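Asks: Sequence first, predicted coordinates after that:
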Amino acid sequence: MAEAVSGFSKFNKEEKINWLAKTYFSQPEIAIQTLKQYWNEDQKLQQLHDEFIENTVSNFYLPMGIAPNFLINGKYYTVPMVIEESSVVAAAAKAAKFWSTRGGFKTTVVNSEKIGQVHFLYKGETAKLVKFFSEIKLKFFSATEHITKNMQKRGGGILDIELRNKTNELENYFQLHVTFETKDSMGANFINSCLEQFAATLKEEAQSYKDFTVEEKNITVVMSILSNYVPNCIVRAEVSCKVEELTEKKIENPVEFAEKFVQAVRIAEVETFRAVTHNKGIMNGIDAVVLATGNDFRAVEAGVHAYASRNGKYSSLSHAKIENGIFSFWMEIPLALGTVGGLTSLHPLVKIALEILEKPSAQELMQIVAATGLAQNFAALRSLTTTGIQEGHMKMHLNNILNQHQATAEERKTITSFFENNPITHASVVEMIESLRK
Ligand code: MEV
């Protein structure tokens, strides 16, 4: 069993890898070789990746794929996606193609406000705190001018600062609830810097506020941090067409298809177990583009799922209806994204991804990401309500099974052609590999 290691962060990269290999592997040389196999030959590039995080020992590859033919508001996009799940890019590409001949995706940014909060404790008369806040409110703006100057030039900045009384939920708990516009940056550093300055101003001003008692002067700032819940940073994506236009190879009866599809969405609206998987399908598309464009997928995930529960019950993010012979499928989701700052100018593949998207603004990226999420959801529901999910999924997964079993080129050819017309299961593929090897 491994023992605690001290001073690990001071080891150089080689020492860290040696320690790992010696501590956890029966064949340390092989472990070292595998870790190093993924290093980039270009030392400068490798150093860039090493420095993204602490204790880097290797690079972890994920495939970057592209889904072409996304027609969004009349413009064609080729969408870069980074994801490990076999069928996701194929599904996105198929849904994009399908909708490109039926009017494409219509998207709009509903609003783009970000939020941050200073959480603090104040023991005293609420009325005095309210008066104090209104008297010093402008100081919050002036004290952060050095931070907001550049953002203001780009049309962003602090939108409003509100004092919120949360003492019904927690004793002595108040907030500065602040809204921001951060234009093309995701804005995390900007928001957090502003908040930390607000906290300092709040404490400082309270100390010298003559109407406060000694206890009231001693405001305790618990923390200052942006919120990843952004219910006022919303993008809407929609597709629609006449029901009969839904006809294609796998949709022979469009009326039946549309009705079943709408039912599938309704089930996700009322049934949490289904809603989680339904939304996970949406996030397959969203996370893949968020990752490819160097954005923070954990922030997006946390915010989106909170939004899916905003009415007190976790529910579907997307909705569908048939009205006057028109099938419509849409969703509104919160997305706080950036196309400048962060990894966007650092990671060479992120730069490539943004160039493939023709250097979008943050608002344009929100729309592309939302369209990809909706496309992914459409593809999943189309399969689920027609052929079932396994047909397409296993077709894509076949290569993974062949790779697991180190199939030769000859074996691959035979097996792939056999399964073109036969249902693929893990067991049946393994059985065939074994029988070919007998
Ligand atoms: C798999 O990654 C995603 C699906 O389960 C989504 C869904 O069920 O809607 C296919």
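Replies: Noted; the coordinates are in hand. Numbers count the residues shown, from 1 in each chain.
Asks: Next up, phi/psi of G388, please.
Replies: As for G388, its main-chain torsions (degrees, to the nearest 10) stand at phi 90, psi 160.
Asks: Could you look up the SS state of the residue in the stretch 251-400 of the chain that the ligand sits nearest to?
Replies: In the stretch 251-400 of the chain, the residue that lies nearest the ligand is G281 (2.7 Å; C-beta to the nearest ligand atom). Every C-beta, even on glycine, is put in place using the N, C-alpha and C of the backbone. The three-state assignment at G281 reads helix, by DSSP: H, G, I helix; E, B strand; the rest coil.
Asks: The closest residue to it other than its chain neighbours: what's it in contact with?
Replies: When the adjacent residues along the chain are set aside, G281 lies closest to A380, with 4.0 Å between them (C-beta to C-beta, 6 or more residues apart in numbering). Under the criterion of C-beta atoms under 8 Å, 6 or more residues apart in numbering, the contact partners of A380 comprise 91, 278, 281, 284, 389.
Asks: Over to V340?
Replies: Contact criterion C-beta under 8 Å, 6+ apart gives 184-185, 362 as the residues in contact with V340.
Asks: measure T201 to the ligand for me?
Replies: Taking C-beta to the nearest ligand atom, to the nearest Å as the measure, T201 and the ligand are separated by 47 Å.
Asks: excluding its backbone neighbours, what's nearest the closest residue to the ligand within the stretch 51-200 of the chain?
Replies: Of all residues in the stretch 51-200 of the chain, E85 sits closest to the ligand, at 5.6 Å by C-beta to the nearest ligand atom. Nearest residue to E85, sequence neighbours excluded (C-beta to C-beta, 6+ apart): N284, at 6.4 Å.
Asks: Secondary structure element holding the one you found?
Replies: Taking DSSP states H and E as the criterion, N284 maps to helix 272-292.
Asks: for V230, same thing?
Replies: Taking DSSP H and E as the criterion, no element holds V230; it sits outside all helices and strands.
Asks: Surely it and I115 touch.
Replies: Yes. Between V230 and I115 there is a contact at 6.2 Å, judged by C-beta atoms under 8 Å.
Asks: which of those two has more neighbours?
Replies: Counted by other C-beta atoms under 10 Å, V230 and I115 do not tie: V230 has more neighbours, with 24 against 19.
Asks: And the more buried one, how close does it get to the ligand?
Replies: Counting by C-beta to the nearest ligand atom, the gap from V230 to the ligand is 24 Å.
Asks: which residues touch that residue?
Replies: Residues near V230 by C-beta under 8 Å, 6+ apart: 113-115, 303, 334-336.
Asks: from those residues, which is closest to L129?
Replies: Minimum separation from L129 among those (C-beta to C-beta) is found for I115, which lies at 21.0 Å.
Asks: Apart from its neighbours in sequence, what residue is nearest that closest one?
Replies: Sequence neighbours aside, S227 is the residue nearest to I115 in space, at 4.4 Å (criterion: C-beta to C-beta, 6+ apart).
Asks: what sits against the one you found?
Replies: Residues counted as contacts of S227 (C-beta under 8 Å, 6+ apart) are 115-117.
Asks: Tell me the confidence at K94?
Replies: Taken from the predicted model, the pLDDT recorded for K94 is 96.
Asks: any idea how far the residue of the stretch 101-250 of the chain found nearest the ligand is from D50?
Replies: Taking C-beta to the nearest ligand atom as the measure, the point where the stretch 101-250 of the chain comes nearest the ligand is K250, at 15.7 Å. Distance of K250 to D50, given as C-beta to C-beta, to the nearest Å: 47 Å.
Asks: try A362
Replies: Between A362 and D50 the distance, using C-beta to C-beta, works out to 28 Å.
Asks: So these two - more neighbours on which side?
Replies: A count of neighbours by other C-beta under 10 Å puts A362 above the other of A362 and D50, at 23 against 18.
Asks: hang on, isn't the more buried one packed against K183?
Replies: Yes. A362 is in contact with K183 according to C-beta under 8 Å; the separation is 6.7 Å.
Asks: what residues are shared contacts of these two?
Replies: With the criterion set as C-beta under 8 Å, 6+ apart, the contacts of A362 and K183 do not overlap.
Asks: Any idea what the residue lying closest to G341 once chain neighbours are set aside is bridged to?
Replies: Of all residues beyond its chain neighbours, the one nearest G341 is S185 (4.2 Å), with distances taken as C-beta to C-beta, 6+ apart. Counting by DSSP bridges, S185 is bridged to V340.
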